[in-house]
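In: Predicted structure and sequence below. I'll ask about it afterward.
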Amino acid sequence: MILFVTIGQQPFQDSVYAINPDGSNRQPILASERGKSYTYASGNSLQRELVVMVHELDVAGQVVDHLYLHSLKVGAWRRLMNKSGMEGAGCLAPDDTRVAFLFAPESQPTKLRPWITNLTTGETFQLTSEDNEEGAWDGYLSWRPDGQEVTFLRLRRSSSGGVTSTLMHLRSSGGQPTELLEPGEWIIAACYAPDGERLAVLTKRGLEIVEIATTQRKLILAWDRLPSAQFRTGGLIWSKDLDKIAFAILNRQAKRYELWTISPDGHDAKKIYDRDESEGQLIVTSFVQR
């Protein structure tokens, strides 16, 4: 199933859903409630823990965002960590033993970087060893299927006031990240293929498949095949079981958010779900087993 979140137009209207890849059987997973909603959730199976970003009122009446691990089967919740700072989206490793997430410590609030928590030992550390670049922040984490590597986007403010992005990767044990694709590609999202040797990448051209070893690229879906499409951080995921890629866009002309799937060879692109723009944004987060 495809796990996705709906971000409401008003506070505390964010919920989590699952849907079959053919668009059938949409079902609520975590519904928003008074003083609490769910702005991101990902995992590998609905039978195991999910990592969830909870937007909530704390006991002091302050609005906070914290990452939790949540078991749907038993209804249990536990905080991922207790460090002070800004917590961003998290994703479970393919074997469920670690969580990669975005975090900016309270002492460095502008440096949103990839971190990892080992769920067995409780060890938490910053993934990138370098931390001296001012005016840059990171996003769009993706695990390689063997759990040995992570990709992310390094985002920078340009002199013209815009934002550039560079696709980076590094070992999941930490270290110095290296570039996969350069800033001029206007990369807006990326995820690994099930074989770990390719990436699906959304660029200024459209949806491309990139061979990691050679950086050879194949455009499988040009933007002009999706007239009036705008990405708006809608997510990009690749199923290891069905060999399908899923992403979400805003159809500006129809004023509807749309969830699409496509095969990696570029055939059978299909809209499987949509909702009115006034109901809030769609973000796909992961393919999950029932």
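Out: Structure's in. What do you need? Numbers count the residues shown, from 1 in each chain.

In: I'd say residue 156 and residue 136 touch.
Out: Yes - Residue 156 lies in contact with residue 136 (Cβ atoms under 8 Å); the separation is 4.8 Å. C-beta here means a position set from N, CA and C on the backbone, and glycine is covered the same way.

In: hey, where'd the strands end up in the stretch 101-250 of the chain?
Out: Here the stretch 101-250 of the chain has its strands, by DSSP state E, counting those that start in this stretch, at 113-118, 124-126, 136-143, 149-157, 163-171, 178-181, 189-192, 198-202, 206-211, 217-222, 229-230, 236-238, 245-251.

In: Now distance to residue 277 too, for these, in TSV please.
Out: Formatted as TSV, the strands of the stretch 101-250 of the chain follow (distance: least, Cβ to Cβ, whole Å):
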stretch	distance to residue 277
strand 113-118	31
strand 124-126	37
strand 136-143	23
strand 149-157	25
strand 163-171	23
strand 178-181	30
strand 189-192	20
strand 198-202	20
strand 206-211	22
strand 217-222	22
strand 229-230	10
strand 236-238	20
strand 245-251	7
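
In: out of those, nearest to residue 97?
Out: strand 113-118 (6.8 Å; Cβ to Cβ).

In: In the sheet, which strands lie alongside that closest one, parallel or antiparallel?
Out: Each strand paired with strand 113-118, and its direction, by DSSP bridges: strand 98-105 (antiparallel), strand 124-126 (antiparallel).

In: List the buried residues for it?
Out: Buried residues in strand 113-118, counted by 16 or more other Cβ atoms under 10 Å: 113, 114, 115, 116, 117.

In: Ok, which of the strands paired with strand 113-118 comes nearest residue 273?
Out: strand 98-105 (26.5 Å).

In: nearest to residue 272, of the strands of the stretch 101-250 of the chain?
Out: That would be strand 245-251 among the strands of the stretch 101-250 of the chain, by Cβ to Cβ, at 8.2 Å.

In: ok, then the element right after that closest one?
Out: strand 256-262 (DSSP states H and E).

In: Residues in contact with the helix or strand that that next one is followed by: which ones?
Out: Next along the chain after strand 256-262, taking DSSP H and E as the criterion, comes strand 270-276. Strand 270-276 is contacted by residues 6, 19, 21-23, 26, 251, 254-262, 282 when judged by Cβ atoms under 8 Å, 6 or more residues apart in numbering.
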